[in-house]
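**Q** fold the stuff below for me.
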Amino acid sequence: MGFPGTWMTESESVIYRVVPKCACSTIGQILHYSDHGKFFDGDIHDAQNGLHKWALEHSQGPITRNVRGQRTYAFTCVRNPYTRVLSSFFDKICGIQRNGKRYRGNLVPKLINEYGIEVGGEDGKQEFDQIQSFRRFLLFVRDSIRFRRPMDPDIHWSAMSGHVSTFIWNGGRYNKIFWTEDFNGGMQEVLDAIETPHTVDLANIPRFNESEGHGPKRAHPVEDYFDDLSMHLIYEIYKRDFDLFKYDFEDPSNKMPTGEIDLDEVHAKLGE
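**A** All right, here's what the predicted structure looks like:
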């Protein structure tokens, strides 16, 4: 299986396991800057050079060597499951993507047809019942993750623990897992622990939110989207994420973690 979703600086200063919808665009650009003293011109996910990525054949040897040797600082970043799945809905389902098309071709028409969701019209800008449509989307998320139908789960809403675990299974070990909700604090810890060719001043780093503006704005507070049934579905799908990364399942309005992440617990439970 190797190390899917794993990026490493060309200087081999640090390794990052990408978790979609968890500040990955900003983190990727910080890694690029730390090596080259400049940001990648475009979406960092499109970069074919300037950063080692598992998806690039020439990068697989260096990444494997460094991960298995556990000689390079490795980290990842996670996010509250409630806000992450909401963000996925507005970006990937309601939004028009960078290529001017809907995400994954026939996915949205399929959801409109089979689950009765609305997405704000052709351009994602029309008024629609966001709460009702989101709750119907959650049924689809549950079906795809639990039953792999009507399709396999998508990386943007599959559980974070699944992404994080592949790195561990094949011999990797994390030195740090931090939360998007305390991004500067967590990212600074990573930067303090490594040596980079170029110094990164986090206070002056822009946020590279590549999904910004793709879809309609969220019209309600987070908690309004989750009734009892929605919360039940969320717990069924993301129980491990809440437990391991210390988020508050009981209160969707509280996006902040409730305790410290125990790295030994993460490695023990996700390495099983």
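
**Q** how about the contacts made by the closest residue to Glu195 other than its chain neighbours?
**A** With CB to CB, 6 or more residues apart in numbering as the measure, Ser13 is the residue that lies nearest to Glu195, at 6.1 Å, once sequence neighbours are left out. The C-beta positions use only the backbone N, C-alpha and C, and glycine is treated the same way. Listed by CB atoms under 8 Å, 6 or more residues apart in numbering, the contact partners of Ser13 are 34-35, 72-73, 194-197.

**Q** before we move on, what about Gly120?
**A** 94, 126-128, 215-216.

**Q** ok, Pro150 to Phe242 distance?
**A** Pro150 is 26 Å from Phe242, where distance means CB to CB, to the nearest Å.

**Q** coming back round to it: least confident pick among the contacts of Gly120?
**A** Within these, pLDDT reaches its minimum at Gly215, with 72.

**Q** which SS class is that residue?
**A** In the three-state summary, Gly215 is assigned as coil, counting by DSSP: H, G, I helix; E, B strand; the rest coil.

**Q** could you do Cys77 as well?
**A** strand.

**Q** setting the sequence-adjacent residues aside, check what's closest to it.
**A** Of all residues not flanking Cys77 in the chain, Cys22 sits nearest, at 4.8 Å (CB to CB, 6+ apart).

**Q** about what we covered before: what subset of the contacts of Ser13 is buried?
**A** Members of the contacts of Ser13 that pass the buried threshold by neighbour count (16 or more other CB atoms under 10 Å) are listed as 34-35, 72-73, 194, 196.

**Q** ok, which stretches of the stretch 1-150 of the chain are helices?
**A** Across the stretch 1-150 of the chain, reading from the start of the chain, the helices by DSSP state H, counting those that start in this stretch fall at 24-36, 57-69, 81-88, 107-115, 130-147.

**Q** the ones you listed into a markdown table, with extra columns for mean pLDDT?
**A** Supplementary listing: the helices of the stretch 1-150 of the chain in a markdown table, determined by pLDDT from 0 to 100:
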| stretch | mean pLDDT |
| --- | --- |
| helix 24-36 | 96 |
| helix 57-69 | 96 |
| helix 81-88 | 96 |
| helix 107-115 | 93 |
| helix 130-147 | 95 |
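
**Q** how about those in CSV, adding distance to Lys269?
**A** Supplementary listing: the helices of the stretch 1-150 of the chain in CSV, determined by distance: least, CB to CB, whole Å:
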stretch, distance to Lys269
helix 24-36, 23
helix 57-69, 19
helix 81-88, 16
helix 107-115, 31
helix 130-147, 18
